[in-house]
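Colleague: Only the shape, not the letters, is given here:
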């Protein structure tokens, strides 16, 4: 049942991304182009998502545990470190240049988009390079905190 619920959640998320236009790089870039031909429509998508999360997050946490686990796994760190800030910046630049973030790119690949495929392959290569560098840094005595 856990896998069925995960599949349903993924499909629902994919449909939402497709219907909202988040899988269309031109729409995303238009939203980010504040100095040019700004398209505010994705702001409504984001506000809707934030509103749903705001309400449901509080309702779900009233439960003693999640449906398919014995306990909730919530982030415990609250600090902003250099690694988080640099990673967020890289993510934002990639989103602005490519018009995709990971979820919408995977959904767009389902529509056989070459641009989404190129973005996803590039993203995976970047993750593999990052993992290799982190492993190398973990083996060296130098500070690997990035």
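Modeller: In hand now; what should we look at? For clarity, every value in this text was computed on a predicted model and none was experimentally measured.
Colleague: Going by C-alpha atoms from here, please, whenever you check contacts or count neighbours.
Modeller: OK.
Colleague: Tell me where this structure has helices.
Modeller: Listed in chain order, the helices of the chain (DSSP state H) span 2-20, 25-32, 41-60, 82-98, 102-110, 114-139.
Colleague: Can you check which of these gets nearest to residue 68?
Modeller: helix 2-20 (6.1 Å; C-alpha to C-alpha).
Colleague: Which elements pack onto that closest one?
Modeller: helix 102-110 (3 or more C-alpha pairs under 8 Å, 6 or more residues apart in numbering; DSSP states H and E).
Colleague: Check what contacts the helix it packs on and list those residues.
Modeller: Residues from elsewhere that reach helix 102-110, judged by C-alpha atoms under 8 Å, 6 or more residues apart in numbering: 14, 17-18, 22-24, 116-117, 119-120, 123.
Colleague: got JSON lines for the helices of the chain, with distance to residue 75, mean pLDDT and mean neighbour count too?
Modeller: As requested, those are exported to JSON lines (distance: least, C-alpha to C-alpha, whole Å; pLDDT from 0 to 100; neighbours: other C-alpha atoms under 10 Å):
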{"stretch": "helix 2-20", "distance to residue 75": "20", "mean pLDDT": "90", "mean neighbour count": "13"}
{"stretch": "helix 25-32", "distance to residue 75": "28", "mean pLDDT": "86", "mean neighbour count": "20"}
{"stretch": "helix 41-60", "distance to residue 75": "14", "mean pLDDT": "92", "mean neighbour count": "12"}
{"stretch": "helix 82-98", "distance to residue 75": "14", "mean pLDDT": "88", "mean neighbour count": "13"}
{"stretch": "helix 102-110", "distance to residue 75": "21", "mean pLDDT": "88", "mean neighbour count": "19"}
{"stretch": "helix 114-139", "distance to residue 75": "21", "mean pLDDT": "90", "mean neighbour count": "14"}
